[in-house]
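In: Sharing a model prediction with you, sequence too.
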Amino acid sequence: MSGSEGSSGHSAAGDGQPRQSTERDRKKEKARVSKTSQILWHAHQNDTAAVRKLLEEDPTLVRARDYDNRTPLHVAAIHGWIDVARCLLECKADVNAQDRWKNTPLADAEGAKRSGMIELLKSHGGLSYGQNGSHFEPRPVPPPLPNKCDWEIDPDELDFSNSTLVGKGSFGEIVKASWRGTPVAVKRILPSLSDDRLVIQDFRHEVNLLVKLRHPNIVQFLGAVTEKKPLMLITEYLRGGDLHQHLKGKGPLNPSTAVNFAMDIARGMAYLHSEPNVIIHRDLKPRNVLLVNTSADHLKVGDFGLSKLIRVQHSHDVYKLTGETGSYRYMAPEVFKHRKYDKKVDVFSFAMILYEMLEGEPPLSHYEPYEAARYVAEGHRPMFRAKGFIPELRELTEQCWSADMNQRPPFLEILKRLEKIKEVLPSDHHWHIFTS
């Protein structure tokens, strides 16, 4: 017996070693992923000291990559952050690393017209667009555009005389204008980027997707300007503004309204996620959900920004390129951690929006967005305080933001469950949301 026990004990110790090693590896990988996110973020924020500190701790981070295979040097190059770029180059950054479009940091610097950065990268042997010559060579850009006769808009038909700015982004701005007497939202690409091959490619991908979308809960595409500059994308204009502003003004919604809003979002998303070509939004958040009118009785999912849509052949396909894209506060943990992901990232973001509608404030509002995403990636979730979270609604929210993306229900199921929840909700519109 004792011999048997001794043998057994020896075996257990032998088995234990790999287990400990696996756990150590897992912790190392977790720390590594977190630091990859940090160096890309600090490069984006022009924080040279933070970049340097991370590289001192782990010199291999100079080769970190985001979901588009872009390095910290790509990020610094496009923004023109000279000191960050110098720091990276001193730490042996590959000056000619190529992203998934085969662009080098120099190609990005040229695209953004960063003269100081261009000079710096060239002095370190930087090449433009790999070995293929200039980033700006005129050549056809895939994919080919569909038949334009139906939707190509003559820019002279757009009246900007009373235009108002709706939103601004790194690629351009969205303004309210008028087209043939009708108010429209116009996304204008910055003139400085209208020659950039990557921007044109993404713009065309967006047009290709939007031209086929038809649904009452999706913002309607009306046309685009592709033959003259600046490039412009025209959609219907919704007078109610976005859900972010609405919640800022109203605070928590009563449960009945929140469920109605959630059903509108779920309908739009169920349509996007349907076969045969599943579209993953990847940046679902209150700013990208629009109210049709000022009486706030109908919502549409919008702002399919550049590089924010993916087409996959089947709904069960996992997106092969990993990394951060979208808004940190509403970001699924697998995206933040640079893991493979699928359309269930949108279900996670939906749960965060539902939470915000009932609580009246953004999830984890006491954290900065990046810190909130990291906190969530560590397994934490926002606290439920609102009375509107009846057990069925709380259970649905918890499933939708499950750490295991396979546990998150599809939008068609979410819709059915919301319909049942709506039947049991009190119709009292003066319900006090917060407990005393």
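Out: Okay, I see it. The shown structure was predicted, so the numbers you read here are calculated from the model rather than taken from an experiment.
In: Wait, a strand at residue 300?
Out: Yes. Using DSSP: H, G, I helix; E, B strand; the rest coil, the assignment for residue 300 is a strand.
In: Where does residue 66 sit: helix, strand or coil?
Out: Residue 66 ends up coil, using three-state DSSP.
In: ok, it touching residue 43?
Out: No. Using C-beta atoms under 8 Å, residue 66 is not in contact with residue 43, being 9.9 Å away. For glycine as for every other residue, the C-beta is placed from the backbone atoms N, C-alpha and C.
In: Name the residues contacting each of the two.
Out: residue 75 (C-beta atoms under 8 Å, 6 or more residues apart in numbering).
In: The two: who's more crowded?
Out: Comparing residue 66 with residue 43 by other C-beta atoms under 10 Å, the one with more neighbours is residue 43, at 29 against 24.
In: May I ask which helix or strand of the chain has the lowest mean pLDDT?
Out: Of all helical and strand segments in the chain, the minimum by mean pLDDT, DSSP states H and E falls on strand 310-312, at a mean of 45.
In: isn't residue 128 right up against residue 111?
Out: No. Contact status for residue 128 versus residue 111: not in contact, 9.6 Å apart, counting by C-beta under 8 Å.
In: Can you tell me, leaving aside adjacent residues, what's nearest to residue 72?
Out: Spatial nearest neighbour of residue 72, chain neighbours left out: residue 43 (3.9 Å); criterion: C-beta to C-beta, 6 or more residues apart in numbering.
In: residue contacts, that neighbour?
Out: 51, 72-73, 75-76, 81, 84, 88.
In: Show me which of the residues you listed is closest to residue 201.
Out: Of all the contacts of residue 43, residue 75 has the smallest distance to residue 201: 19.1 Å, by C-beta to C-beta.
In: Tell me how many other residues crowd the closest one.
Out: Neighbours of residue 75 (other C-beta under 10 Å): 25.
In: is it true that it touches residue 42?
Out: No. Residue 75 lies out of contact with residue 42 (C-beta under 8 Å); the separation is 9.3 Å.
In: For the helix or strand hosting residue 258, what does the pLDDT average out to?
Out: Assigned by DSSP states H and E, residue 258 belongs to helix 255-272. Helix 255-272 shows a mean pLDDT of 95.
In: on contacts alone, who are the packing partners of it?
Out: Counting contacts by 3 or more C-beta pairs under 8 Å, 6 or more residues apart in numbering; DSSP states H and E, helix 255-272 is packed against strand 278-280, strand 299-301, helix 344-359, helix 411-424.
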